[in-house]
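*Asks:* 3D, please:
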Amino acid sequence: MDNKTRKRMNKEMIKKMTTLALLVAVIVVLQAIAPIIKLPVNISFALIPITVGAILLGPSGGAILGAVFGIMTMINGLTGADVFTNTLIAFSPVWTVLLCLVKATLSGFLAGVIYKLFRKKTLLGATFAAAATAPIVNTGIFVLGGLTVVSDAIVKTMELFGITGQSLVYFVVIGCAGINFIAEFAVNMLFATAIKTIVEAVQKATAKKV
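*Replies:* Numbers count the residues shown, from 1 in each chain. Coordinates of the predicted model:
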């Protein structure tokens, strides 16, 4: 490998690391202020930078950003900033932590995979597909986990908060995931066209730094 090739590879690596660091910072800030900002629907805007990262950095970058999202969700739960997650951790610590990490990590990873599959056909279509994948995977795995590995913890949580007249399935699918999923999906899809612009802006910003 000659010096020119080595320098080009080093520059590309620095560019990717800078982009990753920037997006990690965005996710950390979004998750840190999420418990403070009270919205009618509890949604996470962190899926937007995760999608951007999955597009820019591929499945591995998306997975790292998703893992950061999962860690921040877990921290909010452990500190009590997220009351629901905090309660689940109290009743089922291991499975709740694993669920937080797995669903978030896979949402970023699979968004990157989907983008790579479709980008040669249409960049805008690939962007929309990646933007749709992140909330679908994130919510889908939560529902699956809620009905299996943390089902007992959710039932105890329902009892603790006096939630009666609802089955486990209804509470998980409709009460927890339903409205939140629709909102997160809508936000990601609305931002899908903007994500392409964000991607280009990030590329320009990191290019200047390196």
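*Asks:* For stretch 58-70, list the C-alpha coordinates in CSV.
*Replies:* Taking C-alpha atoms only, stretch 58-70 is exported to CSV below (Å, rounded to 0.1, in the frame of the first residue of the first chain):
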residue,chain,number,x,y,z
GLY,A,58,-23.7,1.6,6.9
PRO,A,59,-25.1,-1.2,9.1
SER,A,60,-22.2,-1.1,11.5
GLY,A,61,-22.5,2.6,12.1
GLY,A,62,-26.3,2.3,12.4
ALA,A,63,-25.8,-0.4,15.0
ILE,A,64,-23.4,1.6,17.1
LEU,A,65,-25.8,4.6,17.1
GLY,A,66,-28.7,2.3,17.9
ALA,A,67,-26.7,0.9,20.8
VAL,A,68,-26.0,4.4,22.1
PHE,A,69,-29.8,5.0,21.9
GLY,A,70,-30.4,1.8,23.9
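*Asks:* Check which residues of that stretch are buried.
*Replies:* Neighbour-count burial for stretch 58-70, counted by 16 or more other CB atoms under 10 Å, picks out 58-59, 61-70. For glycine as for every other residue, the C-beta is placed from the backbone atoms N, C-alpha and C.
*Asks:* same check, this time on stretch 132-143
*Replies:* By 16+ other CB under 10 Å, the buried positions in stretch 132-143 come out as 132-139, 141-143.
*Asks:* Just the ones in strands from the buried residues of stretch 58-70, please.
*Replies:* Nothing among these maps onto strands, per DSSP state E.
*Asks:* so can I have a markdown table of those showing pLDDT?
*Replies:* Formatted as a markdown table, the buried residues of stretch 58-70 follow (pLDDT from 0 to 100):
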| residue | pLDDT |
| --- | --- |
| G58 | 96 |
| P59 | 98 |
| G61 | 97 |
| G62 | 97 |
| A63 | 98 |
| I64 | 98 |
| L65 | 98 |
| G66 | 98 |
| A67 | 98 |
| V68 | 98 |
| F69 | 98 |
| G70 | 98 |
